[in-house]
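*Asks:* sharing a sequence plus its predicted fold:
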Amino acid sequence: MQVEYALGGIFLNCTHQISITGPACQKLSPDYSSTNIPDMPPCSFKPEEYKGMSKERMLQIRRQYCNPMIMKGTSYKNPVFVNQGYMQWLWDVDGKRYLDLFAGVATVSVGHCHPKVTAAAQEQLKRLWHTTIIYVYPAIHEYCEKLAAHMPDPLKMVYLTNSGSEANDLAMLMARFHTGNHDIITLRGSYHGGSPQTMGLTSYASYKFPVASNSGCSNTMCPDVFRGLWGGSHCRDSPVQTTRDCGCGQGHCMAKEQYIGQLKETLATSVPGRIAAFFAEPIQGVGGAVQYPKTYLKEAYELVRERGGVCIADEVQTGFGRTGSHFWGFQGHDVLPDIVTMAKGIGNGFPMGAVVTTPEVAASFAKCLHFNTFGGNPMACTVASAVLDVRIPSLNNTAMNFKPNILQVSRDPLPTEDMLEIFEEVKDMGVLIGKGGLYGQTFRIKPPMCITKEDADFFLAVFNKCIHSYMERR
Ligand SMILES: Cc1ncc(COP(=O)(O)O)c(C=O)c1O
């Protein structure tokens with residue numbers, strides 16, 4: 001077995017990967033022996049005692065009345081029955097406390113039931129739950145102005161939705177309508193949503209249905225310097241590098257050139273001469289926290305624009321400060337998209353999404369009529385405004401304490417059963433993490449951004465222990 005811990009980004013990039021891929025094991029930094037588990041960091045918040053439905057009854061209803069897709073999506077052999085949340089903590093119905101490092105799938109950005117966000121929501125609940133854009137009300141204007149202030153020029157035109165899939169659906173429509181072209185290119189391994197349209201963008205077999213969803217959607221090789229054909233230990237613009245040999249000279253990434261070559265092949269073979277758009281997540285999320293080689297996106301954007309296309313950054317997972325060093329993931333690539341889509345962290349768990357674009361693209365869109373009953377709803381706007389008001393602490397300084405320490409043998413994924421075993425044990429020891437990657441090979445850590453160094457130390461100790469136990473069992 002090989003284990004790669006890519007832990008440096010836990011602070012510097014709150015979106016980062018831990019991928020477990022093959023034979024051999026190496027030490028975490030800081031160094032914990034396999035039995036040295038510190039106590040879970042204290043928490044003074046007292047959750048309410050749970051007096052609701054039994055766990056057995058909930059599971060029975062889940063099996064009997066909920067679409068089986070819900071059961072299929074349920075994590076863990078012994079699921080977590082969540083009762084309450086506060087900041088980085090979740091409590092189950094038995095009162096057991098968990099350190100939540102997955103944040104409801106990279107969504108709870110500033111902390112569960114963050115007091116400022118909760119207070120703002122409560123005030124708005126008493127005032128007005130719902131009205132739509134057919135009337136003029138303060139919450140939507142306060143929010144659009146505030147969000148626009150977080151965007152670089154000329155990305156200032158905001159359109160609000162209820163989810164990331166809806167935002168990406170609209171971005172596809174805007175790109176096609178604005179350019180007059182139809183074809184859209186995405187990266188293999190990407191996830192852009194589950195609606196019939198966005199399923200065409202998504203390039204991940206598990207999330208595809210055998211229905212006609214991808215008219216005009218093509219994909220190109222993902223520039224994954226860890227698992228892809230090319231890549232080495234200097235290729236990412238990140239504190240988390242691979243251990244692959246790197247033949248790149250100073251300022252000259254060979255892996256990037258090979259992957260750009262693949263994009264050129266796609267442009268030459270799979271789409272017409274003029275295209276509508278190129279979609280990319282700044283760091284692939286569901287695909288397994290994949291980081292691209294330096295300047296890949298910059299060159300890709302140039303090629304796309306030469307063919308009349310617009311460049312779309314899907315910031316559903318990477319936006320709102322999650323990459324630590326920048327507020328938006330695209331800023332880490334030194335690119336300026338034409339359209340930015342967002343959701344998840346935007347509302348700290350309140351259903352919301354947005355498409356932000358330039359005045360030109362927005363003006364093209366406004367030539368037809370589009371309406372969304374809940375997009376821009378006053379509750380959602382109030383919550384999202386409060387999220388922007390919460391100052392996210394910078395954890396960058398602590399990044400220095402964690403240097404990824406990687407020993408590589410192969411990059412083959414561990415069998416799913418083995419991954420699940422480790423995943424279950426980490427949960428039983430009180431830490432919730434996520435999983436992803438095309439082969440289920442990546443443990444994903446996307447915590448509420450209020451976590452502390454003590455929380456991370458605790459997780460590292462737990463994770464180390466679980467890996468040691470797994471190695472011993474084998
Ligand atoms: C990058 C990305 N885009 C879009 C989506 C779709 O968002 P939603 O589930 O809100 O429709 C997701 C969801 O995981 C995502 O990770």
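*Replies:* Arrived safely, thanks for sending. Not measured: the values here are computed from a predicted model. Residues are numbered from 1 along each chain as shown.
*Asks:* list the residues that contact the residue in the stretch 251-400 of the chain positioned nearest to the ligand.
*Replies:* With Cβ to the nearest ligand atom, the shortest gap between the stretch 251-400 of the chain and the ligand falls at V316, namely 3.5 Å. Where C-beta positions appear, they are placed from N, C-alpha and C, glycine not excepted. Residues near V316 by Cβ atoms under 8 Å, 6 or more residues apart in numbering: G164, A167, N168, E281, G285, T341, M342, A343, K344, G353.
*Asks:* go on, G216?
*Replies:* Residues near G216 by Cβ under 8 Å, 6+ apart: R176, H182, D183, I184, G200, A276.
*Asks:* quick check: it vs L267, distance?
*Replies:* Taking Cβ to Cβ, to the nearest Å as the measure, G216 and L267 are separated by 14 Å.
*Asks:* where do the helices sit along the stretch 301-450 of the chain?
*Replies:* Read by DSSP state H, counting those that start in this stretch, the stretch 301-450 of the chain holds these helices, from start to end of the chain: 359-365, 378-389, 416-428.
*Asks:* show me what the second one is packed up against.
*Replies:* Packing contacts for helix 378-389, counted by 3 or more Cβ pairs under 8 Å, 6 or more residues apart in numbering; DSSP states H and E, involve helix 115-127, helix 138-149.
*Asks:* quick check: buried residues in the first one?
*Replies:* By neighbour count, with 16 or more other Cβ atoms under 10 Å as the criterion, the buried positions of helix 115-127 are V117, T118, A120, A121, Q124.
*Asks:* output that helix as PDB, restricted to C-alpha atoms.
*Replies:* Extracted in PDB, the C-alpha atoms of helix 115-127 (Å, rounded to 0.1, in the frame of the first residue of the first chain):
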ATOM      1  CA  PRO A 115     -24.100  33.400  15.400                       C
ATOM      2  CA  LYS A 116     -23.900  36.500  13.100                       C
ATOM      3  CA  VAL A 117     -25.400  34.600  10.200                       C
ATOM      4  CA  THR A 118     -28.100  33.100  12.400                       C
ATOM      5  CA  ALA A 119     -29.000  36.400  13.900                       C
ATOM      6  CA  ALA A 120     -29.300  38.000  10.500                       C
ATOM      7  CA  ALA A 121     -31.500  35.100   9.300                       C
ATOM      8  CA  GLN A 122     -33.700  35.400  12.400                       C
ATOM      9  CA  GLU A 123     -34.200  39.100  11.900                       C
ATOM     10  CA  GLN A 124     -35.200  38.600   8.200                       C
ATOM     11  CA  LEU A 125     -37.500  35.700   9.100                       C
ATOM     12  CA  LYS A 126     -39.600  38.100  11.200                       C
ATOM     13  CA  ARG A 127     -39.600  40.700   8.400                       C
END
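*Asks:* next, count neighbours for the closest residue in space to T452 that isn't next to it in sequence.
*Replies:* Leaving aside its chain neighbours, T452 sits nearest to P41 (6.8 Å; criterion: Cβ to Cβ, 6 or more residues apart in numbering). Here the number of neighbours of P41 (other Cβ atoms under 10 Å) works out to 16.
*Asks:* go on, K344?
*Replies:* 28.
*Asks:* can you check K465 too?
*Replies:* 19.
*Asks:* likewise E425?
*Replies:* Applying other Cβ under 10 Å, we find 17 residues neighbouring E425.
*Asks:* same thing with the one 10 residues further on?
*Replies:* When neighbours are defined as other Cβ under 10 Å, K435 has 20 of them.
*Asks:* that one and the ligand, how far apart?
*Replies:* Using Cβ to the nearest ligand atom, to the nearest Å, K435 is found at 13 Å from the ligand.
*Asks:* do you know how far that residue is from E421?
*Replies:* In this view, K435 and E421 are 12 Å apart by Cβ to Cβ.
*Asks:* likewise G376?
*Replies:* According to Cβ to Cβ, G376 stands 45 Å off from E421.
*Asks:* so between these two, which is more surrounded?
*Replies:* Taking other Cβ under 10 Å, G376 and E421 do not tie; G376 has more neighbours (25 against 17).
*Asks:* return the distance of the more buried one relative to C144.
*Replies:* 8 Å.
*Asks:* equivalent analysis for D418, please.
*Replies:* Taken as Cβ to Cβ, the span from D418 to C144 is 48 Å.
*Asks:* those two: which has the busier surroundings?
*Replies:* Neighbours per residue, other Cβ under 10 Å: of D418 and C144, the larger number sits with C144, 20 against 15.
*Asks:* apart from its chain neighbours, what residue comes closest to that one?
*Replies:* V158 is the one closest to C144 (Cβ to Cβ, 6+ apart), at 4.4 Å.
*Asks:* repeat that for I133.
*Replies:* Distance criterion Cβ to Cβ, 6+ apart; nearest residue to I133, sequence neighbours excluded, is G376 at 5.5 Å.
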